[in-house]
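Student: Provided below for reference: sequence and predicted model.
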Amino acid sequence: MLISQFAIIARMKGQVQVYRNLHKTLEDGTKVYSVKNDKGIVEDHVTEIAISRPIFRVGPKGNQRVRDEGRKNVHAYIQGKRMRTSLIDDPTTGIHPEDWVKITYDPYQHKSFVLVRDDLTKEGESKAVSEAWLVEIRKDGVWAFLPMLKESGKTVTIEVEDRHTWV
């Protein structure tokens, strides 16, 4: 057990864990997220953050506790390297707005983070996501660039007919 705990800490060096703060919300209803550093200390509270090479983690015992008790607890987070700036609105990156996919997590409905877009999933099916190239948490939701599906390990790509309208 000690070896696995050490391995997790070693992999997290220089990374952050971001999770929804269940006790803080701005007056206008904007969600607040807590940011833990690699020492496990909450170092910031944000409403928006960009993370590179994120891993989406959900603790199964915490998920089950939410379902059993009907009360939320912190058991899910996104882990990765904190970025200095947002990329989603930056046209110089070459990443088009259509390439970002919305991700969500509802412990009452899902056991992992999932895709939101209906056209990427079959009816009644949720596509679980394990990681991505980039993620941005914003006021309008959690957005991922090139998310990877948990079951198949395939990267989600979006087909867009005409990209010239964005430029």
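Tutor: Sure, I can see it. None of these values were measured; they are calculated from a predicted model.
Student: now the strands for the chain?
Tutor: Using DSSP state E, the strands of the chain run over 16-25, 31-36, 42-46, 49-58, 76-82, 100-104, 114-115, 129-131, 134-138, 141-145, 148-149.
Student: for the residue nearest to residue 109 when sequence neighbours are not counted, the count of nearby residues, please.
Tutor: In space, residue 109 comes closest to residue 126 once its chain neighbours are excluded; the distance is 7.5 Å by C-beta to C-beta, 6 or more residues apart in numbering. All C-beta spots, glycine's among them, are computed from the backbone N, C-alpha and C. Residue 126 has 17 neighbours, counted by other C-beta atoms under 10 Å.
Student: next: the one 3 residues further on.
Tutor: One way to gauge burial is a neighbour count; for residue 129, by other C-beta under 10 Å, it gives 25.
Student: what residues are bridge-paired with it?
Tutor: residue 149 (DSSP bridges).
Student: residue 146 is in contact with that one, correct?
Tutor: No: the criterion here is C-beta atoms under 8 Å, and residue 129 misses it with residue 146 at 10.5 Å.
Student: please enumerate the shared neighbours of these two.
Tutor: residue 156 (C-beta atoms under 8 Å, 6 or more residues apart in numbering).
Student: thinking again about what came up before, how close does the residue nearest to residue 109 get to residue 90?
Tutor: 30 Å (C-beta to C-beta, to the nearest Å).
Student: need the contact list for the nearest residue to residue 102 once chain neighbours are set aside.
Tutor: Distance criterion C-beta to C-beta, 6+ apart; nearest residue to residue 102, sequence neighbours excluded, is residue 116 at 4.0 Å. Neighbouring residues of residue 116 by C-beta under 8 Å, 6+ apart: 101-104, 141.
Student: my guess is residue 104 meets residue 143, correct?
Tutor: No: using C-beta under 8 Å, residue 104 is not in contact with residue 143, being 10.6 Å away.
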